[in-house]
Every structure is written in C-alpha cells, then in structure tokens.
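J.: Quick one, fold the following:
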Amino acid sequence: MAWEMAEGPGGSAANAAPAAGAAAFVGAVADDRLSQSLGWGVWGVLTTVGLGLWAARLERGRPADPVGR
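T.: Numbering: from 1, shown residues only. Just a heads-up that it's a prediction; the model follows:
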C-alpha cells in the first residue's frame, strides 16, 4: 500500500491524505472478498444439490419398505 507523503493543510506529512492507489487497493480487496464469498456460495449450493441427488439415487435402489405391504 503506497501512501503519498504530501503536506496536508496543517503543513505536515502526518496530515496527508492517502493516495488514490490506496483507495483502489481497498476496492480490490473488497472485490476479492466478494468473489471469494460468491465462490464458496456456489460451491455450497452445488455440493448440497449433488448430495441430495446422490441420496435420492440411493433411496430408489432400496427395496420396498416391508411395513408398507
């Protein structure tokens, strides 16, 4: 993260505002977190659907319930 060391209104570098690059960096981190969250969400949905389909397939392969005769 790069900070421009320009003199702020008080005349010292301590009052300097961050560079435009810092704001872009923060935006990139937010975008990365959002895309990572969306990726985990997609993974969760696909895993849940896959496990549900697998469980349904296992249920179809079982013999009929003897109580239901």
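J.: How about the contacts made by residue 54?
T.: With contact set as CB atoms under 8 Å, 6 or more residues apart in numbering, residue 54 has no partners. The C-beta positions use only the backbone N, C-alpha and C, and glycine is treated the same way.
J.: How about residue 33?
T.: Neighbouring residues of residue 33 by CB under 8 Å, 6+ apart: there are none.
J.: Tell me the secondary structure of it, please.
T.: helix (DSSP: H, G, I helix; E, B strand; the rest coil).
J.: Tell me how far it lies from residue 59.
T.: Going from residue 33 to residue 59 by CB to CB, to the nearest Å gives 39 Å.
J.: So what's the residue count around residue 30?
T.: By other CB atoms under 10 Å, the residues close to residue 30 number 10.
J.: Could you report the distance from it to residue 38?
T.: Taking CB to CB, one finds residue 30 at 13 Å from residue 38.
J.: so where's the chain shaky on pLDDT?
T.: The chain contains residues with pLDDT under 70 at 1-20, 63-66, 68-69.
J.: again, only this time at 90
T.: 1-37, 57-69 (pLDDT under 90).
J.: and residue 53, what element?
T.: Assigned by DSSP states H and E, residue 53 belongs to helix 20-60.
J.: Then residue 62?
T.: Here residue 62, judged by DSSP H and E, is contained in no helix and no strand.
J.: neighbours around it, how many?
T.: With other CB under 10 Å as criterion, residue 62 counts 7.
J.: Pull up the gap between it and residue 32, please.
T.: To residue 32, residue 62 is 46 Å away according to CB to CB.
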